[in-house]
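S.K.: Can you look at this prediction? I've put the sequence above it.
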Amino acid sequence: MQLLHTDKLPAGHKLIAKLDYLLFKNQTLYVVASDTDFFLIIKSPAMFAHREEEPGLNLYQTGFPRAAAAWMVDAIENKLWKSAAEGGLPSGTYFVDEDVAGENLKIRRTMHVGAEQEKGFVLFNFSRPDLKFTEQDFQEIDISDRLLREGGLLDVLKSL
């Protein structure tokens with residue numbers, strides 16, 4: 001798999017949403033989907049012109065099986081956002097991991113994501129190597145509660 005360029009997506013891929021990433025200034029989150037997968041792609045201003053993936057931009061891509069979208073929504077809404085008394089995970093448990101569609105996925109709750117140190121999550125796919133940092137054999141992305149709720153990402157995941 002290669003980094004996807006949203007202005008020239010491969011056949012069978014569709015841009016589902018373009019959202020303000022809300023964790024850092026001047027970054028945009030793109031959600032791209034195919035019949036079998038979906039991708040969260042962050043575009044940020046390139047720090048070095050000789051390392052940009054698109055003119056003036058760096059791309060960071062995390063891919064998941066499409067079936068993982070419903071699993072993520074359920075884990076976030078019903079397990080990680082709720083207290084044990086409300087039916088969520090037991091006190092002191094801050095992650096959910098599971099094999100979904102044959103891929104090893106994990107969602108970890110964190111109190112410090114992004115520039116504003118907001119509450120949020122780190123989404124991991126341990127079955128896909130990072131496309132930019134070859135020494136990292138997994139993909140990950142930080143998302144904030146604010147991005148999910150106010151930014152619309154939760155609704156996008158529900159639509160997948």
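M.R.: In hand now; what should we look at?

S.K.: Return the residues in contact with Thr119.
M.R.: Not Thr; residue 119 is Lys. Lys119 makes contact with Arg109, Thr110, Met111, His112, Val113, Ser144, Asp145 under the criterion C-beta atoms under 8 Å, 6 or more residues apart in numbering. Where C-beta positions appear, they are placed from N, C-alpha and C, glycine not excepted.

S.K.: how about the residues you listed in JSON lines, adding distance to Ala70?
M.R.: Listed next are the contacts of Lys119 as JSON lines, based on distance: C-beta to C-beta, whole Å:
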{"residue": "Arg109", "distance to Ala70": "19"}
{"residue": "Thr110", "distance to Ala70": "22"}
{"residue": "Met111", "distance to Ala70": "26"}
{"residue": "His112", "distance to Ala70": "27"}
{"residue": "Val113", "distance to Ala70": "23"}
{"residue": "Ser144", "distance to Ala70": "21"}
{"residue": "Asp145", "distance to Ala70": "19"}
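
S.K.: Look at the residue located most distally from the centre of the chain and tell me its secondary structure.
M.R.: Distance from the centre of the chain peaks at Ala85, with 28.1 Å (C-alpha atoms, centre = their mean). Classification of Ala85 by DSSP: H, G, I helix; E, B strand; the rest coil places it in helix.

S.K.: Give me the pLDDT value at it.
M.R.: You'll see Ala85 listed with a pLDDT of 95.

S.K.: before we move on, what about Met1?
M.R.: Met1 carries a pLDDT value of 69.

S.K.: any idea of the mean pLDDT for stretch 147-154?
M.R.: For stretch 147-154, the mean confidence score works out to 97.

S.K.: For that stretch, buried residues please.
M.R.: Leu147, Leu148, Gly151, Leu153, Leu154 (16 or more other C-beta atoms under 10 Å).

S.K.: Which helix or strand contains the residue nearest to the fourth one when sequence neighbours are not counted?
M.R.: In this structure, Leu153 finds its nearest non-sequential neighbour in Leu147, 5.0 Å apart by C-beta to C-beta, 6 or more residues apart in numbering. Assessed by DSSP states H and E, Leu147 sits inside helix 145-149.
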